[in-house]
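A.B. asks: Below are the sequence and a predicted model; questions follow.
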Amino acid sequence: MENKTCLNCGEPIRGRVDKKFCDDQCRNNYNYHQYADANNLMRRINHTLKKNRNILESLIPQGEDLAKAPKEKLVREGFQFKYSTHSYETKKGSVYTYCYDYGYLPLEGDWFLIVRVKE
């Protein structure tokens, strides 16, 4: 009979014939490392999107739905323009770029109109 070894630590496995791991810790450790790289990329992107959203939110005064801000201020706060959740083109051709429920519209002179989606 073939002696199976744990996929994580290499120790001999006792018990059922179809077991792949010697215990829950080895199973969890193996799966964590299998999926860590793929999930890490998604985790970083989601973190960046949330950070962008929070920056946009912080620029709109309490009780208001829009504000203007210079590009320099957004960049200084750590805003990353290449990450967004979606965009919206108005009938006039203006394109708003959104991070969840907050968006921005590029204006002339490196200024941006920051908007909040009304519920």
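C.D. replies: Ah, there it is.

A.B. asks: Do a quick rundown of the strands in this structure.
C.D. replies: 66-70, 86-89, 95-99, 102-106, 111-116 (DSSP state E).

A.B. asks: The longest helix along the chain relative to strand 95-99, how many degrees between them?
C.D. replies: Identified as the longest helix of the chain according to DSSP state H is helix 24-59. On the basis of axes from the mean of the first three to the mean of the last three C-alpha atoms, to 10 degrees, helix 24-59 is oriented at 140 degrees to strand 95-99.

A.B. asks: State the mean pLDDT of helix 24-59.
C.D. replies: If you average the pLDDT over helix 24-59, you get 91.

A.B. asks: gap between the residue nearest the centre of the chain and Val75?
C.D. replies: With distances taken as C-alpha atoms, centre = their mean, Asn46 lies nearest the centre of the chain, 0.6 Å away. Plainly put, Asn46 is 21 Å away from Val75 if you go by C-beta to C-beta, to the nearest Å. All C-beta spots, glycine's among them, are computed from the backbone N, C-alpha and C.

A.B. asks: Also Leu66?
C.D. replies: For Leu66 relative to Val75 (C-beta to C-beta), the value is 20 Å.

A.B. asks: For stretch 63-73, output the C-alpha coordinates as CSV.
C.D. replies: What follows is stretch 63-73 as a C-alpha-only set of coordinates in CSV (Å, rounded to 0.1, in the frame of the first residue of the first chain):
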residue,chain,number,x,y,z
GLY,A,63,-23.8,68.6,3.7
GLU,A,64,-22.7,69.4,0.1
ASP,A,65,-22.8,67.2,-3.0
LEU,A,66,-19.9,68.7,-4.9
ALA,A,67,-16.6,70.7,-4.6
LYS,A,68,-13.7,71.8,-6.7
ALA,A,69,-10.1,70.8,-6.0
PRO,A,70,-6.8,71.2,-7.7
LYS,A,71,-5.0,68.1,-9.1
GLU,A,72,-2.0,68.9,-6.9
LYS,A,73,-4.1,68.4,-3.8
